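Q: What shape does this take:
(one chain, ligands or ions: 2)
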Amino acid sequence: MSEKIAVLGAGSWGSILANLLDENGNEVSLWSYNPKQVKELNEKHTNTHYMKDFTYSETLIAYSDLKQALTGATTVLFVVPTKAVRSVAGDVKKVLEELQTKPQIIHASKGIEQGTYKRVSEILAEEIPAELRKSITVLSGPSHAEDVAKRDITLVTAASTDADAAKHVQQLFMNRYFRVYTNSDVIGVEIAAALKNIIALGTGALNGLGYGDNAKAALMTRGLAEISRLGASFGANPQTFTGLAGVGDIIVTGTSENSRNYRAGDELGKGQSLQEVIDTMGMVIEGVATTKAAYELAKQRGVEMPITGAIYQVLYEGKDIRTAISDLMMREGRSEF
Ligand SMILES: NC(=O)C1=CN([C@@H]2O[C@H](COP(=O)(O)OP(=O)(O)OC[C@H]3O[C@@H](n4cnc5c(N)ncnc54)[C@H](O)[C@@H]3O)[C@@H](O)[C@H]2O)C=CC1
Ligand SMILES: O=C(CO)COP(=O)(O)O
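A: Ligands and ions are numbered 1, 2, ... in the order given. This is a model prediction of the structure:
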């Protein structure tokens, strides 16, 4: 099966997924709002700022013009940071109406919108033409771009309320190193994907402070417990949190130097300020904004999320990390389940 696919967002994840789709035999256009990046991708087949030492397929074409990128596309994959999804989707809507095409919509972003607390599929549903909403599918799971770039084994899930749409995404992405499952629990997959970044900031900070494996395993396990509680309050399937988008992504993000969230936490643990960390990363650290959204959302819904609350206090209220850890440890003893 070969299709024309437009990938929107040429950071580490968008560009590597675009390359994978190209390798799978599709005609892929990669859109970036940065003309310099487009020039580098088309002339040198590199994207040095985001993926050092990787050479992209010569048949992958980058565009800074959204209309050119979307022309003829039967599938559109959004991979911009969460904060950019609404504005990019609004622009896409205008172009699709002009082109009179009705592509399937996929996204691979992991976050929650500030202020509205919307998941990415909800933002897309509000912004794209109404008849495309049903097709929205989320691609998520433990998947660092750096490993996919090496064609290392990666398993993810494609979640949609439309089983045919999820199956289509599975077929588009599957290959010998990239295996895709389907899932109907969009809510659970998106909540797990967004909130694991908060926990990765935490495990990174533990690492930076010199804590060991026990502490990190504890944070990931209890972190997943509170993420599941928030998910349950929205009607998510509890099984989703034991799957690729849940425990899988917490492990990969919460233990890896490839994770920007983990690295950011590590630097915080070593004493850098949040602003210093953001300024030096040069790539999106989704967990910072998601911590605020999740903290406010948990309060609004009356869901107990002590770890998220502690990380919020460190990031947004200047609380000392060691004091935050000590306060968590000294909470009243309770039953695990
Ligand atoms: N890097 C990875 O391994 C993975 C990333 N993700 C998710 O994918 C999403 C994108 O992440 P990355 O590609 O890693 O980010 P990145 O920081 O590497 O790149 C982001 C890209 O979006 C573009 N961008 C930023 N603001 C924009 C705007 N207002 N309008 C249009 N484009 C804009 C940037 O120019 C850049 O090309 C995030 O939600 C992330 O959580 C998901 C799985 C794996
Ligand atoms: O979501 C990811 C891996 O599954 C990437 O995590 P980071 O954004 O922390 O790099």
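Q: Just give me the residue closest to the centre of the protein.
A: In the chain, the centroid-proximal residue (CA atoms, centre = their mean) is Lys110; its distance is 2.6 Å.
Q: In this model Ser140 seems to touch it, though I could be wrong.
A: Yes: assessed by CB atoms under 8 Å, Lys110 is found in contact with Ser140 at 6.8 Å. C-beta coordinates here come from the backbone N, C-alpha and C atoms, glycine included.
Q: Quick check: neighbours shared by these two?
A: Listed as contacting both Lys110 and Ser140 by CB atoms under 8 Å, 6 or more residues apart in numbering are Ala193.
Q: tell me how far the ends of stretch 145-156 are from each other?
A: 12 Å (CA to CA, to the nearest Å).
Q: How about stretch 267-285?
A: End-to-end for stretch 267-285, by CA to CA: 13 Å.
Q: before we move on, the earlier item: okay, and the residue lying closest to the residue nearest to the centre of the chain once chain neighbours are set aside sits in which element?
A: Distances taken as CB to CB, 6 or more residues apart in numbering place Ala193 nearest to Lys110, at 4.2 Å, with adjacent residues excluded. Ala193 belongs to helix 186-209 when assigned by DSSP states H and E.
Q: returning to what we had before: now do the same contact list for the residue nearest to Lys110.
A: Ala193 neighbours (CB under 8 Å, 6+ apart): Lys110, Val138, Ser140, Ala245, Asp249.
Q: just Gly287 next, same as before
A: Counting by CB under 8 Å, 6+ apart, Gly287 has contacts Asn197, Ile198, Ala200, Leu201, Asn261, Ala264, Gly265.
Q: What is the neighbour count of the second one?
A: Counted with other CB atoms under 10 Å, the neighbours of Ile198 add up to 29.
Q: Check the fourth one too.
A: As a burial measure, the neighbour count of Leu201 was computed by other CB under 10 Å and equals 31.
Q: From what I see, it and Val288 are in contact.
A: Yes: taking contacts as CB under 8 Å, Leu201 lies within contact range of Val288: 7.3 Å.
Q: shared neighbours of these two, anything?
A: In contact with both Leu201 and Val288: Ala264, Leu315, using CB under 8 Å, 6+ apart.
Q: Residues touching whichever strand or helix holds Val277, excluding its own?
A: Here Val277 sits within helix 274-281, counting by DSSP H and E. Under the contact criterion CB under 8 Å, 6+ apart, helix 274-281 has outside partners Arg260, Arg263, Ala264, Glu267, Leu268, Gln272, Ile285, Val288, Leu315.
Q: Counting neighbours, what do you get for the nearest residue in space to Ala236 that is not next to it in sequence?
A: If the residues on either side of it in the chain are set aside, Ala236 comes closest to Gly188, at 3.3 Å by CB to CB, 6+ apart. Using other CB under 10 Å, Gly188 has 26 other residues around it.
Q: Could you tell me which residues make contact with Gly188?
A: Counting by CB under 8 Å, 6+ apart, Gly188 has contacts Ala159, Gly231, Ala236, Asn237, Pro238, Thr240, Phe241, Ala245, Gly246.
Q: Among those residues, which pair sits farthest apart?
A: Ala159 and Pro238 (14.9 Å; CB to CB).
Q: between the two, which one's more packed in?
A: Between Ala159 and Pro238, Ala159 has the larger neighbour count (other CB under 10 Å), namely 28 against 13.
Q: Model confidence score at the residue in the chain positioned nearest to ligand 1, please.
A: Distances between the chain and ligand 1 by CB to the nearest ligand atom are smallest at Gly11, namely 1.7 Å. On pLDDT, Gly11 comes in at 98.
Q: Check Ser2 too.
A: 87.
Q: is it true that it lies in a helix?
A: No: counting by DSSP: H, G, I helix; E, B strand; the rest coil, Ser2 is not part of a helix but coil.
Q: check contacts around it.
A: The contact partners of Ser2, taken as CB under 8 Å, 6+ apart, are Gly25, Asn26, Glu27.
Q: Strands along the stretch 1-150 of the chain, start to end?
A: 4-8, 27-31, 61-63, 75-78, 104-107, 137-140 (DSSP state E, counting those that start in this stretch).
Q: for those, which one ends up most surrounded?
A: Most buried of the strands of the stretch 1-150 of the chain, by mean neighbour count (mean count of other CB atoms under 10 Å): strand 137-140, with a mean of 29.
Q: between the contacts of Gly287, which is closest to ligand 2?
A: For these, the nearest to ligand 2 is Asn261 (3.5 Å; CB to the nearest ligand atom).
Q: what's the helix or strand for the closest one?
A: With DSSP H and E as the test, Asn261 turns up in helix 260-269.
Q: residues of stretch 16-29 that come out buried?
A: Going by neighbour count (16 or more other CB atoms under 10 Å), the buried part of stretch 16-29 is 16-24, 26-29.
Q: Can I get the residues you listed in JSON lines including pLDDT and distance to ligand 1?
A: As requested, those are exported to JSON lines (pLDDT from 0 to 100; distance: CB to the nearest ligand atom, whole Å):
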{"residue": "Ile16", "pLDDT": "98", "distance to ligand 1": "7"}
{"residue": "Leu17", "pLDDT": "99", "distance to ligand 1": "9"}
{"residue": "Ala18", "pLDDT": "98", "distance to ligand 1": "11"}
{"residue": "Asn19", "pLDDT": "98", "distance to ligand 1": "12"}
{"residue": "Leu20", "pLDDT": "98", "distance to ligand 1": "12"}
{"residue": "Leu21", "pLDDT": "98", "distance to ligand 1": "15"}
{"residue": "Asp22", "pLDDT": "98", "distance to ligand 1": "16"}
{"residue": "Glu23", "pLDDT": "98", "distance to ligand 1": "17"}
{"residue": "Asn24", "pLDDT": "98", "distance to ligand 1": "18"}
{"residue": "Asn26", "pLDDT": "98", "distance to ligand 1": "19"}
{"residue": "Glu27", "pLDDT": "98", "distance to ligand 1": "21"}
{"residue": "Val28", "pLDDT": "98", "distance to ligand 1": "15"}
{"residue": "Ser29", "pLDDT": "98", "distance to ligand 1": "15"}
